[in-house]
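Asker: build me a model:
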Amino acid sequence: MRWSPVAVSSSTLVAGLTAAAVATVGFLAYQASAHVPPGLGKSPAPAPSAAVGKAPRDRAHPTALPGDSGTGRRVVYSLDDDRVWLVGMAGNVERTFRVTAGRVDPLPGGYTVTSRSGAVTGTDGIPVEHVVRFTSVDGVVIGFSAAVRASAPAPDATVRTGGIRQTRADGDAMWDFATIGQRVVVIR
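Answerer: Model prediction:
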């Protein structure tokens, strides 16, 4: 039997090389997204003045957006009030709701959303959905999430968690509003 080389057309060769390049870029993008440096969530913009002290409140309207909480489209999270405001581009409050904070709080200041997950198990062992992460403190990841089951047991008080829990309806609103890169302003 005689050996005969198989002719490969240049278009077949280019298609094969292109497919290999696309697969390599996809793999490298996946690796990069899985290893985001811890400081990447910190916003380069100066923190709002609220980071120094407690932002002014309208005592007659406790759910009103606090003054000095920044400008533009943003998520505002009050540590003292356990409340979140989703603020539109024109400064209008699109939604506000109460939350239950984890045991580890972020420092007041400006951040950006760095990652999101549709559904995971929280550090306290409770299944959560619509996880929106924006920073970490001493190795504890801080972010908003909603327990999958409304009757979820109370979080284990001995576990250091950074999960800021919200209802499922509020979690849906946060998920739609706070995409990667969205500003998060933490105030007292």
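Asker: switch to C-alpha atoms for all contacts and neighbour counts from now on
Answerer: Fine.
Asker: tell me the spacing between Gly110 and Glu129.
Answerer: 24 Å (CA to CA, to the nearest Å).
Asker: neighbour count winner among these two?
Answerer: When Gly110 and Glu129 are compared for neighbours, Gly110 comes out ahead with 26 against 23, by other CA atoms under 10 Å.
Asker: doesn't Val185 make contact with the more buried one?
Answerer: Yes - counting by CA atoms under 8 Å, Gly110 does reach Val185; the two are 4.7 Å apart.
Asker: any low-confidence regions in this protein?
Answerer: For the chain, the stretches with pLDDT under 70 are 1-60, 150-157.
Asker: can you map out the helices along this protein?
Answerer: Along the chain, counting by DSSP state H, helices occupy 10-34, 168-177.
Asker: quick one: strands adjacent to the longest strand along the chain?
Answerer: Secondary structure assigned by DSSP state E gives strand 127-137 as the longest strand of the chain. In the sheet, strand 127-137 lines up against strand 115-121 (antiparallel), strand 140-147 (antiparallel) (DSSP bridges).
Asker: the closest residue to Val113 other than its chain neighbours: how many residues sit nearby?
Answerer: In this structure, Val113 finds its nearest non-sequential neighbour in Phe134, 4.3 Å apart by CA to CA, 6 or more residues apart in numbering. Residues contacting Phe134 under the criterion other CA under 10 Å number 28.
Asker: so what's Phe134 up against?
Answerer: Gly41, Lys42, Tyr111, Thr112, Val113, Thr114, Ser115, Val141, Ile142, Gly143, Val184 (CA atoms under 8 Å, 6 or more residues apart in numbering).
Asker: how is this protein partitioned into domains?
Answerer: 7-36, 41-187 (automatic domain parsing).
Asker: one step back: the longest strand of the chain: which residues count as buried?
Answerer: Pro127, Val128, Glu129, His130, Val131, Val132, Arg133, Phe134, Thr135, Ser136 (16 or more other CA atoms under 10 Å).
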